[in-house]
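Peer 1: Need a 3D model of the sequence below.
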Amino acid sequence: MNYTVVFDVLESGYRMWWVPVIGLISTVATLLMGIYWDTLPPHRSASVFMRFAPFAFVLFWTAAVFLTTSKDYQNLADCLRNDRCQVVEGQITDFVPMPVNGHKDESFIVDGQRFTYSDFVGTAGFNHTRSQGGPIHNGIHVRIHHVGNEIARWEIARDP
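Peer 2: Numbering: from 1, shown residues only. Down below sits the predicted model:
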């Protein structure tokens, strides 16, 4: 059977880069706020702790988010690269799409294995829901390389 690759974690790369970037921007903003605190309205003085506590918190949060998301990507990519993924193949059944307004995971079953995901959950694996243009529907034949619930590679069978 011939397949078309819909998603491959090795080709997609580290997709969560934008979250630590927001953290870095916030880190710079809170650092500048701490440095220039006395010049900000309403010109109140504050202890060094109060001036720089937000900076320390945002810096810690940014580092934690980067380490967590990059480790998730690296682990999934390493599993796919080194053939340590489980592979399931068959027709999609019991497809439950995510509503257009979100607030519920999308799910489906292939050969007894249930997969759930959402556009609103940060993951290195596949998470492109149907309501956002994803390719999934009941009856299509797929091959999925996965680690647990995380999809590292997604292929759809095409007609010969």
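
Peer 1: So, low pLDDT: which residues of this structure?
Peer 2: The model of the chain has pLDDT under 70 over residues 43-45, 102, 160.

Peer 1: and it, what are its domains?
Peer 2: With domains defined by automatic domain parsing, the chain comprises 2-10+85-158, 14-81.

Peer 1: and among those domains, the most buried is which?
Peer 2: Comparing the domains of the chain by mean neighbour count (mean count of other CB atoms under 10 Å), domain 2-10+85-158 ranks first with a mean of 16. Every C-beta, even on glycine, is put in place using the N, C-alpha and C of the backbone.

Peer 1: From one end of that domain to the other, what's the distance?
Peer 2: Start-to-end span of domain 2-10+85-158 (CA to CA, to the nearest Å) is 6 Å.

Peer 1: do stretch 100-112 as well
Peer 2: Note: stretch 100-112 ends 26 Å apart using CA to CA.

Peer 1: Please apply the same query to stretch 108-128.
Peer 2: Stretch 108-128: ends 13 Å apart by CA to CA.

Peer 1: Sheet-wise, list the partners of the lengthiest strand in the chain with their directions.
Peer 2: Across the chain, the longest stretch assigned as strand under DSSP state E is strand 86-96. Take DSSP bridges as the rule and strand 86-96 pairs in its sheet with strand 106-110 (antiparallel), strand 141-147 (antiparallel).
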